[in-house]
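K.L.:
sequence and computational prediction follow.
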Amino acid sequence: MSEKKSSGSRRSAAAFQWTDPIPCPPVERHHVRKTRVPVPKKRRLQGETMSIRIGSCTLPAGELKYRIADAEKDLPVIFIHGAAGDSRQFHYQLEYFKDKRTVIAVDLPGHGRSVVDGLPGMKDYTNAVAAVIEAEKIERCVLAGHSMGGGVILEAYRSLPEKIAGLVFLSTGAKLPVSDLVFDFLEKDYNVFCEFLVKLSYSRALPEEVRQMVLKEAQSLEPVRVKNDFRICASFDYTDMLKGVGVPSIVLACTGDKMVPHDVSRTLAAGMPGARLEVCEGEGHMPYFERHEEVNERISDFIRGLNA
């Protein structure tokens, strides 16, 4: 395992707007549209900027949605969000990579636009990744997972090793430290839980207007689905499979992460042959959001190394 530290300058997330350029349906968060806006594939002209579209595929228990920009060059990268998240959280990654390579951000089943019957489990999440790879006819790709998404990409690698060229882990571990207090908060007062979650997830440098947008979004989620995600986080342990990971991997962590301490990420990196640990000094569980320029450059450098 190699380790690289960086103090990295923090860029304000104030420019981020949680309003969606491809908005979710306004009335019911998990409503499924009956029609899909057709986006014909065409050859990109020199200098043309790729647009982000909504992709879709059918799962046994519902319909899966994901954001995608088809650059049709280099290795595609697929981003998987964490508990209580959705693809919109990868806004900065979609914008950064959309002209460099095919980039996809998935709404896991029961999140964002993806509608499923019942409560999904880890297998449903990894089946969703496999479904996207099949629907987009991807031969090989890089998987990037945040927090709970780190478990998802490890499980996806175990199922589809021939499809995976590299793994990117963002503020995560092979086993996540989920306290029983999380479930106590969820049971007693969901709005208070959301305040607690946002406080732990983001740094004190996050602009207040952005913090309020994120809090409002969290409070709009179905508590039963949020609780289900944290049960999944508390239940997985991929420690025993790490030594068998046979593709290059990078683990990005923050020293002040209060949700997943960076020692958890260090243990993850140490368990995988040749994995690279890169540590950012500072707070926050959402470095791809609050430190997006730095994180995007690190991910880009990692993928360039895979192509070398």
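P.N.:
Perfect, thanks for sending it.

K.L.:
flag every buried residue along stretch 154-163.
P.N.:
Buried residues in stretch 154-163, counted by 16 or more other CB atoms under 10 Å: L154, E155, A156, Y157, L160, K163. C-betas here are computed from N, CA, C, even on glycine.

K.L.:
which residues does the residue most central in space within the chain contact?
P.N.:
With distances taken as CA atoms, centre = their mean, the residue of the chain nearest its centroid is H81 (2.5 Å). With contacts defined as CB atoms under 8 Å, 6 or more residues apart in numbering, H81 is in contact with S87, Q89, F90, A105, V106, D107, L108, H111, H146, M148, G149.

K.L.:
repeat the analysis, applying 10 Å as the threshold.
P.N.:
If you count contacts by CB atoms under 10 Å, 6 or more residues apart in numbering, H81 has them with 87-90, 105-108, 111-112, 145-149, 152, 170, 229, 288.

K.L.:
quick check: phi and psi on it?
P.N.:
phi -80, psi 170 (degrees, to the nearest 10).

K.L.:
quick check: pLDDT value at it.
P.N.:
Looking at H81, its pLDDT reads 98.

K.L.:
buried stuff in the helix ranked longest in the chain?
P.N.:
Secondary structure of the chain per DSSP state H: the longest helix is helix 292-307. Under the neighbour-count criterion of 16+ other CB under 10 Å, helix 292-307 has H292, E294, V295, N296, R298, I299, F302, I303 buried.

K.L.:
hang on, the first one packs against L170?
P.N.:
No: applying CB atoms under 10 Å as the test, H292 and L170 come out as separate, 11.2 Å apart.

K.L.:
quick one: common contacting residues for those two?
P.N.:
By CB under 10 Å, 6+ apart, the residues touching both H292 and L170 are Q93, M286.

K.L.:
name the next helix or strand following the helix or strand harbouring Y125 along the chain.
P.N.:
Y125 is located in helix 122-135, with elements delineated by DSSP states H and E. Tracing the chain C-terminally past helix 122-135 and defining elements by DSSP H and E, one meets strand 141-146 next.

K.L.:
and the helix or strand following that next one, what does it pack onto?
P.N.:
With elements assigned by DSSP H and E, the helix or strand that comes after strand 141-146 is helix 148-159. For helix 148-159, the elements it packs on are strand 77-80, helix 122-135, strand 141-146, strand 164-170, helix 223-235, strand 249-256, helix 262-271, judged by 3 or more CB pairs under 10 Å, 6 or more residues apart in numbering; DSSP states H and E.

K.L.:
so who does D107 touch?
P.N.:
Neighbours of D107 in contact, by CB under 10 Å, 6+ apart: 24, 54, 63-67, 81, 85-88, 113-115, 128.

K.L.:
phi first, then psi, for the residue lying closest to it once chain neighbours are set aside.
P.N.:
For D107, ignoring the flanking residues on the chain, the nearest one in space by CB to CB, 6 or more residues apart in numbering is S114 at 4.1 Å. Torsion angles at S114 (phi, psi; degrees, to the nearest 10) stand at phi -80, psi 120.

K.L.:
how close does S114 sit to K65?
P.N.:
Going from S114 to K65 by CB to CB, to the nearest Å gives 5 Å.

K.L.:
any common contacting residues for these two?
P.N.:
V32, S56, C57, D86, S87, V106, D107, L108, A128.

K.L.:
now, these that are in helices?
P.N.:
Reading helices off those with DSSP H, I get A128.

K.L.:
got a quick ChimeraX command for the buried subset of the shared contacts of S114 and K65?
P.N.:
Under the burial definition 16+ other CB under 10 Å, those of the shared contacts of S114 and K65 that qualify are selected in ChimeraX by:
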select :56,86,87,106,107,108,128
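
K.L.:
among the shared contacts of S114 and K65, find the lowest-pLDDT one for me.
P.N.:
Lowest pLDDT among those: V32, 31.

K.L.:
quick one: L167 and G150 touch, right?
P.N.:
Yes: L167 is in contact with G150 according to CB under 10 Å; the separation is 8.7 Å.

K.L.:
which one of those two is surrounded by more residues?
P.N.:
Comparing L167 with G150 by other CB atoms under 10 Å, the one with more neighbours is G150, at 31 against 23.

K.L.:
could you find the closest non-adjacent residue to that one?
P.N.:
T172 is the one closest to G150 (CB to CB, 6+ apart), at 2.9 Å.

K.L.:
now V192
P.N.:
Nearest to V192 is F185, by CB to CB, 6+ apart, at 6.4 Å.
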